[in-house]
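J.: With the sequence up front, the predicted model follows.
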Amino acid sequence: MKKILLMAGAALALAGCGEKGDFEKAINAKIGQSKSCFSLRNNNVTFPVQLSKPRFDETGTGTGSVILDGLVEQGLMAFVKGWDNNTPGITDKGKQAKIWDAKEGVCIGRRVVDEVKEWTEPGNGNQKVVRVTYTWKLTDVASWVDKSAFSGVKGTN
C-alpha cells in the first residue's frame, strides 16, 4: 500500500512540474516582450534635451524614473533640475557605453520569470481560469549596468 501511495505521489509531483513549466513559458512569452527602459516620446533626439517636470515623481529625485536615477548615479547621464523643466544629458562615459538607442531609449534588460510560487487549479465546469503567483527578474542585462546603481529598479537584485 505504501509503495502505491509513493508512486502516486511521485506521479502527481512530476505532473505538477510540467504545469509549472507551462505557466513559466506562457508568462515569459508575455512579459519577455517588453524591456525595462527609460524612454522619451521621441528618442531620436540630440542631448541635452529639456523635459517638462513629471507630474508624479515616484522616486523623489525629480527625474520621475528609477532607471534615470541609476544612469545618473552611475555617471552615464547628467541631470539638471530647472524651475519648470529638467535637462538630462549623456555624459562622455555614457557615450562610450553607447547607452542611448534612437528607437528605444536606454534599456537595461527584459523581464523573465524568476520563480512560479503557486497556482490554482481550473475550476469545475467550463472555466479555464488559473491564478498564478510568480516573481520576476531582469535578464539580458546590459554589460555596462552596475547593479548597485540600479538597486531601485525592480528585478535587478
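T.: Here it is on my side, so go on. Numbering: from 1, shown residues only.

J.: Poorly predicted segments of the chain, please.
T.: The chain contains residues with pLDDT under 70 at 1-18, 54-60, 124-127, 157.

J.: which residue ranges form the helices in it?
T.: Taking DSSP state H to define them, one finds helices in the chain at 2-31, 66-74, 92-97.

J.: how about the lengthiest strand in the chain: buried residues?
T.: Longest strand in the chain, counting residues (DSSP state E): strand 106-119. The neighbour-count check on strand 106-119 (16 or more other CB atoms under 10 Å) flags V106, C107, I108, G109, R110, R111, V112, V113, V116, W119 as buried. Placement of C-beta: from N, CA and C, glycine included.

J.: Make a markdown table from these and add distance to A26 to it.
T.: Shown next, in a markdown table, are these (distance: CB to CB, whole Å):
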| residue | distance to A26 |
| --- | --- |
| V106 | 29 |
| C107 | 23 |
| I108 | 24 |
| G109 | 20 |
| R110 | 16 |
| R111 | 14 |
| V112 | 13 |
| V113 | 9 |
| V116 | 10 |
| W119 | 11 |
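
J.: so which of those residues comes closest to P88?
T.: Using CB to CB, V106 comes nearest to P88 of those, at 10.0 Å.

J.: dump the residue contacts of that closest one.
T.: Residues in contact with V106 (CB atoms under 8 Å, 6 or more residues apart in numbering) are C37, F38, S39, I67, L71, L76, M77, I99, W100.

J.: mind running it again at 7 Å?
T.: Shown in contact with V106 (CB atoms under 7 Å, 6 or more residues apart in numbering): C37, F38, I67, L71, I99, W100.

J.: Farthest-apart pair in those residues, please.
T.: Taking CB to CB, no two of those sit farther apart than I67 and W100, at 12.3 Å.

J.: Spit out the contact partners of the residue lying closest to P88 once chain neighbours are set aside.
T.: Computed as CB to CB, 6 or more residues apart in numbering, the closest residue to P88 that is not its neighbour in sequence is F79, at 5.1 Å. If a contact means CB under 7 Å, 6+ apart, then F79 has T63, L68, V72, N86, P88 as its contacts.

J.: Make CSV out of the residues you listed and add neighbour count and distance to A149.
T.: What follows is those, written out as CSV (neighbours: other CB atoms under 10 Å; distance: CB to CB, whole Å):
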residue, neighbour count, distance to A149
T63, 24, 13
L68, 22, 11
V72, 19, 9
N86, 20, 19
P88, 20, 15
